[in-house]
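1. just the structure for this:
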Amino acid sequence: MNDTKKSAKSTGAAQSGHKFKSRYATFGFQDSAKLDEGAMWPTSYALTKLTTDDEARIAALVKQAVS
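-> All right, here's what the predicted structure looks like:
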């Protein structure tokens, strides 16, 4: 994962686990992301590896976030 990758509308970003000496990388969303689900929802996801299924899930979240 690159240290920082932002979507076209800057609603999400990836952070390298290696760079920050963490056991996992994170992919998080800014408050402008349209991911609201009631009063509580995740704004960041931990990734120990990136699978094809994970890529599809992230793509769906990004699509929802910018809709």
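
2. check which element follows the lowest-mean-pLDDT helix or strand in the chain along the chain.
-> Confidence across the helices and strands of the chain bottoms out at strand 12-15, with a mean of 88, counting by mean pLDDT, DSSP states H and E. Where DSSP states H and E defines the elements, the next helix or strand beyond strand 12-15 is strand 25-29.

3. next, the buried residues of that following strand.
-> Buried residues in strand 25-29, counting neighbours by 16 or more other C-beta atoms under 10 Å, are found at A25, T26, F27, F29. C-beta coordinates here come from the backbone N, C-alpha and C atoms, glycine included.

4. can you tell me which of these is nearest Q15?
-> T26 (4.8 Å; C-beta to C-beta).

5. can you pull the contacts of that closest one?
-> T26 is in contact with A14, Q15, G17, S44, Y45, A46, L47, counting by C-beta atoms under 8 Å, 6 or more residues apart in numbering.

6. what's opposite it in the beta bridge?
-> Beta-bridge partners for T26, by DSSP bridges, are Q15, A46.

7. and stretch 26-42, how far out from the chain middle?
-> 10 Å (C-alpha atoms, centre = their mean, to the nearest Å).

8. and the end-to-end length of that stretch?
-> 12 Å (C-alpha to C-alpha, to the nearest Å).

9. begin at 31 from here
-> Happy to do that; since the first residue is 31 now, the last one works out to stretch 56-72.

10. report the buried residues of that stretch.
-> Quick answer for stretch 56-72 (16+ other C-beta under 10 Å): T56, F57, F59, A63, L65.

11. right, and the last one touches V92 too?
-> No - at 9.9 Å, L65 and V92 do not qualify as touching, with contact defined as C-beta atoms under 8 Å.
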